[in-house]
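Peer 1: pasted the sequence and its predicted model underneath.
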Amino acid sequence: MCNKFTYSISKIRFDENYKPADSTRLTTNFANLARGESRQENLRKTLTMINNRFNALAHWDNPNADRYSVELDIISANLDVEGNGKTFPAIEILQTTIVDHKENKRIEGIVGNSFSSYVRDYDFSVVLLDHFAKNPNTPPPADFGVLHGKLFQHLLNSDAYQANFNKQPVICLSVSTTKTYHRTTNQHPVLGVEYRQDEYSLTDAYFHKMGLRVRYFKPKDSAAPLAFYFSGDLLADYTDLELISAISTMETFQKIYRPEIYNANSAAGEVYQPSLNYQDYSLTQVVYDREERNQLAVKQGKFTEEQFIKPHQDTLEEWAAQYEVSYPAEAGKPQKKVA
């Protein structure tokens with residue numbers, strides 16, 4: 001097996017002075033907010049929204065709703081394919097740290113939260129678009145997302161990840177506008193009411209190849225459920241404060257990015273179909289260019305093809321063919337290893 005693949009981890013603080021690094025995908029929520037004339041005001045307002053939401057959810061022993069604040073670090077996983085010290089910025093995620101001002105201590109939060117990947121841009125904005133152009137109304141190719149899934153699981157098993165983080169990541173994203181979600185009777189004290197749906201969305205299936213399962217929860221006072229991608233046990237492996245750090249961070253980004261869903265003026269009912277055409281919603285005071293974000297995804301996908309996929313194609317194919325990964329069990333199916 002090719003054993004040259006090594007990851008290194010770098011961090012940069014996401015605060016009101018944050019400026020995107022040259023290697024950062026500009027479509028990420030945090031990078032888009034940090035551009036233009038309103039950049040510092042955007043960042044300040046976003047962080048205030050996160051802190052306010054955190055204190056609203058962590059309300060016990062917190063009478064003035066100001067006990068906690070959340071610090072965010074952007075985590076970049078840089079992949080050296082050839083073993084020559086030249087790296088490609090493969091994956092970016094966020095790490096939360098909770099500051100307890102009453103006890104004057106810092107508490108490690110969740111790593112994951114947002115998920116940013118150049119290879120994912122390539123898969124969705126180059127491979128998938130090309131496939132659908134040639135084969136409309138057909139499923140994605142059988143190997144769609146397989147390389148990306150193996151790269152992600154390789155990251156989690158790497159010395160670099162395990163040296164920096166104590167727990168597996170939890171990714172928190174928007175629910176799919178192509179699926180219908182049904183409220184269940186299951187309710188968690190922090191995550192809220194659980195929703196379910198009958199089949200994977202394209203994103204769910206993609207994250208499944210990354211070794212992650214998905215559950216959908218609508219926290220208290222949220223307008224819509226969030227999709228939580230994880231390995232292990234979402235409800236048992238993380239503390240209440242850790243889960244709150246993920247909810248407050250990612251619900252804030254979704255309110256800004258998808259206000260039609262997450263800043264809607266009425267909450268999801270027993271049967272819920274998310275829609276970006278919904279008109280009864282409120283805008284935040286944060287400036288966000290969603291159209292530019294969509295255009296950049298295509299450019300970044302093509303950049304990945306030229307700078308990463310094509311130059312290393314033989315090496316990537318050799319490595320992927322020999323690297324075994326574990327896919328999480330689906331309902332009624334045992335977990336299995338897939339080459």
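Peer 2: In hand now; what should we look at? Computed from a prediction, not measured in an experiment: that's the story for all the values here.
Peer 1: going forward, measure contacts and count neighbours with C-alpha atoms only.
Peer 2: Fine.
Peer 1: strands along the stretch 101-250 of the chain, start to end?
Peer 2: Secondary structure of the stretch 101-250 of the chain, counting by DSSP state E, counting those that start in this stretch: strands at 105-117, 170-174, 181-188, 192-196, 213-218, 226-230.
Peer 1: and the ones you listed: which comes nearest residue 300?
Peer 2: strand 105-117 (9.6 Å; C-alpha to C-alpha).
Peer 1: quick check: angle from the closest one to strand 170-174?
Peer 2: 60 degrees (axes from the mean of the first three to the mean of the last three C-alpha atoms, to 10 degrees).
Peer 1: by mean pLDDT, flag the weakest helix or strand of the protein.
Peer 2: strand 336-338 (a mean of 39; mean pLDDT, DSSP states H and E).
Peer 1: can you pull the contacts of the residue lying closest to residue 187 once chain neighbours are set aside?
Peer 2: Spatial nearest neighbour of residue 187, excluding adjacent residues (C-alpha to C-alpha, 6 or more residues apart in numbering): residue 193 at 4.3 Å. Shown in contact with residue 193 (C-alpha atoms under 8 Å, 6 or more residues apart in numbering): 183, 184, 185, 186, 187, 217, 218, 219, 220.
Peer 1: now residue 95
Peer 2: Contacts of residue 95 (C-alpha under 8 Å, 6+ apart): 72, 73, 74, 75, 109, 110, 111, 112, 113.
Peer 1: and the residues you listed as TSV, adding distance to residue 125, pLDDT and neighbour count?
Peer 2: Compiled in TSV, the contacts of residue 95 are given as follows (distance: C-alpha to C-alpha, whole Å; pLDDT from 0 to 100; neighbours: other C-alpha atoms under 10 Å):
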residue	distance to residue 125	pLDDT	neighbour count
72	28	95	20
73	27	93	17
74	24	91	21
75	23	93	18
109	32	96	24
110	29	96	26
111	26	97	25
112	23	96	22
113	22	95	22
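Peer 1: put together a markdown table for the residues you listed, with distance to residue 20 on each row.
Peer 2: Listed next are the contacts of residue 95 as a markdown table, based on distance: C-alpha to C-alpha, whole Å:
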| residue | distance to residue 20 |
| --- | --- |
| 72 | 14 |
| 73 | 12 |
| 74 | 10 |
| 75 | 12 |
| 109 | 22 |
| 110 | 22 |
| 111 | 19 |
| 112 | 18 |
| 113 | 18 |
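Peer 1: of all those residues, which comes closest to residue 255?
Peer 2: Using C-alpha to C-alpha, those come closest to residue 255 at residue 113, 14.7 Å.
Peer 1: so where's the protein shaky on pLDDT?
Peer 2: 1-3, 21-37, 289-295, 329-339 (pLDDT under 70).
Peer 1: hmm, back to that, which among the contacts of residue 193 end up buried?
Peer 2: 183, 217, 218, 219, 220 (16 or more other C-alpha atoms under 10 Å).
Peer 1: wait, isn't the fourth one in contact with residue 243?
Peer 2: Which is residue 219. No - the pair residue 219 / residue 243 is not scored as a contact, 10.5 Å apart, by C-alpha atoms under 8 Å.
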